[in-house]
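Asker: using only what follows, build the 3D model:
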Amino acid sequence: MTLVILSIILIIYSLYKRYFPVCGVQNYTLTDIELDVIKVIDVRGFNESYKNPIKGAVNIPLVYLKRNLNDISDRKGHVIGSNKIDKNVAIRFLRQKGFHVKGYTIMN
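Answerer: Model (predicted):
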């Protein structure tokens, strides 16, 4: 019985981490943010960011974010992702590591 309850809790937690929006972080368009003032962290894959580059952004794909976290110099930033799941996972990870994510943009 306890194994079933533990399994259900783990499933709910993994769904929450990926699919529920992060509280307190707003969606902005790239024209709304000041690219010179705030650090932009692009978590899209290399193929997507190469086709539509963002000037001044640090491109670290989501799968490499943990390994290359030291490449981000400023602790305040704006996340750019390719979909809602990548955005949610990246923001939660960065917050866990002490970053203050001010906003996000989803690029299609």
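Asker: which residues touch the one helix or strand Ile12 maps to?
Answerer: Element membership for Ile12 (DSSP states H and E) is helix 2-19. Helix 2-19 is contacted from outside by Lys84, Ile85, Asn88, Val89, Arg92, using Cβ atoms under 8 Å, 6 or more residues apart in numbering. Every C-beta, even on glycine, is put in place using the N, C-alpha and C of the backbone.
Asker: how about the contacts made by the fourth one?
Answerer: Val89 is in contact with Lys17, Arg18, Leu62, counting by Cβ under 8 Å, 6+ apart.
Asker: now do the helices in the protein.
Answerer: 2-19, 46-51, 84-96 (DSSP state H).
Asker: now those helices in a markdown table, with distance to Val25?
Answerer: Below are the helices of the chain laid out as a markdown table (distance: least, Cβ to Cβ, whole Å):
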| stretch | distance to Val25 |
| --- | --- |
| helix 2-19 | 15 |
| helix 46-51 | 20 |
| helix 84-96 | 6 |
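Asker: tell me which of those sits nearest to Val37.
Answerer: helix 84-96 (17.9 Å; Cβ to Cβ).
Asker: got the buried residues for the closest one?
Answerer: For helix 84-96, the buried set under the neighbour-count rule, 16 or more other Cβ atoms under 10 Å, comprises Asp86, Lys87, Asn88, Val89, Ala90, Ile91, Arg92, Phe93, Leu94.
Asker: and it, how far out from the chain middle?
Answerer: Computed by Cα atoms, centre = their mean, to the nearest Å, the chain-centroid distance of helix 84-96 equals 4 Å.
Asker: which non-adjacent residue is nearest the residue nearest the centre of the chain?
Answerer: Geometric centre of the chain, nearest residue: Ala90, 2.7 Å, by Cα atoms, centre = their mean. The shortest distance from Ala90 to any non-neighbouring residue, by Cβ to Cβ, 6 or more residues apart in numbering, is to Val43 (4.4 Å).
Asker: repeat for Leu69
Answerer: Of all residues not flanking Leu69 in the chain, Lys97 sits nearest, at 6.2 Å (Cβ to Cβ, 6+ apart).
Asker: can you get me a residue count around that neighbour?
Answerer: Lys97: 12 surrounding residues under other Cβ atoms under 10 Å.
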